[in-house]
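*Asks:* let me see the structure of the following:
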Amino acid sequence: MHEDPSKNSIVGTLSRFGGTETLISSGIPSLDELLGDGIPVGSLVIIEEDSQGLYARIVLKYFLAEGVVNKHRIFVASQEISSEKLIHQLPQLIESKPKNVEEPNVERPKMKIAFRYDNLPTEQKEPEQKFGHYYDLSSVMSQNYLDDCKITTWDDTKTLKSNSFYNQKYYELLTSIKNDLKSHNENNILRIGIHALGSPVWHLLDEINEEKALKDLTLFLYSFRMMIQTKKAVGYVTIPAHLFEKVDRLLHLSDIYIRLQAFAGTEFADNKYLSDFQGFIHIDKLTPKNGFNSKISSTIEHVFKLRRKKFTIEMLHLPPDLDATEVSGLGCATGSSKLDF
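*Replies:* Next up is the predicted model:
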């Protein structure tokens, strides 16, 4: 089903279904595996930010870093921080696949039930890497990589007007992306990363209320998706959806919808069984073809872990001897239901 990535005409891509579909890596191998091997070219990926926006920004940095290493074209936009600053915060490439670090020899409690699980590893192994790279979050990317890549940062200086948007910044950004797509060489991939779209910075004007702000956001996403769906491009947009009451339509405007649910400040923060992780990751929507290879299950929860050097995603393994009080508060696939054994 898959072709050798080294034989693809575009560096950093993977072909499947007889060459009818091209995938790129998210920059996080464990996320690629969860998505069904990668992100199809022409897709719009929406990342629903955690309440602090910290982890969504990290996921976006991985996506952009993978593009820089493969010399894909990069377009970056943000109203929250400088796009230039975001580019210079990209993580450093790890030249070889990192080895799993052995845990210290700490005595583990014996299982009361299902003792056969005693000898199982405590951590999930890294997925077999089909393509993509690993990155070190503790170091920033070498300037040499940035110099070898064509990067466009949205400067937010043009003044354009459209009757379709209440906030003209959306129209200005859409026009900039459209111009970049026109000049894009189809022999390469264009990665478009937009950080914190729809945040309060986008709606500082007094006359723009939540209803108008959501209308601007949905119109932008609809137009953006139409622009890239037939192009050698992928849109990667982080959105602070928790600021809006009605966000169901955002799901329908995406090809892939990823929701990050951080533990900080919630009932999960003090749960001892989740102490090694920072949050749940939910894949609420996938393109139909990705569904064939996806590792997502309605009965399995996935969590993400942030360490000094890397961000990884693992399947949540719960001890089989939990009592009723310990089970309470651990969400299942929807993030709101209780475990039902």
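*Asks:* from Phe277, how far off is Ala264?
*Replies:* 11 Å (C-beta to C-beta, to the nearest Å). No exception for glycine: its C-beta is placed from N, CA and C like everyone else's.
*Asks:* need phi/psi at the residue nearest the centre of the chain.
*Replies:* The centroid of the chain falls nearest to Val59 when counting by C-alpha atoms, centre = their mean (4.7 Å). Val59 adopts backbone torsions of phi -60, psi -40, taken as degrees, to the nearest 10.
*Asks:* where does the chain dip in pLDDT?
*Replies:* Applying pLDDT under 70 to the chain flags residues 1-8, 97-130, 157-158, 204-208, 289-299, 318-341.
*Asks:* ranges for the helices of it?
*Replies:* Listed in chain order, the helices of the chain (DSSP state H) span 29-35, 54-69, 83-87, 143-147, 168-182, 210-228, 248-252, 290-293, 324-327.
*Asks:* coming back round to it: Ala264 and Phe277: who's more crowded?
*Replies:* With neighbours defined as other C-beta atoms under 10 Å, Ala264 and Phe277 compare such that Phe277 has more, 21 against 13.
*Asks:* ok, now which ones touch the more buried one?
*Replies:* Contacts for Phe277 were tallied using C-beta atoms under 8 Å, 6 or more residues apart in numbering; they are Phe263, Val303, Phe304, Lys305, Glu314, Leu316.
*Asks:* how about the residues you listed, which pair is most distant?
*Replies:* Phe263 and Glu314 (14.2 Å; C-beta to C-beta).
*Asks:* all the strands of the chain, in order from the start?
*Replies:* 13-16, 21-24, 39-40, 44-48, 73-78, 91-94, 134-140, 151-153, 190-195, 233-239, 256-262, 279-285, 302-306, 311-315 (DSSP state E).
*Asks:* nearest to Thr159, of those?
*Replies:* Closest approach to Thr159 among those (C-beta to C-beta): strand 73-78, 16.4 Å.
*Asks:* sheet partners, orientation included, of that closest one?
*Replies:* With DSSP bridges as the test, strand 73-78 is paired with strand 151-153 (parallel), strand 190-195 (parallel).
*Asks:* out of the helices of the chain, which is closest to Val76?
*Replies:* Here helix 83-87 is closest among those (C-beta to C-beta), at 4.4 Å.
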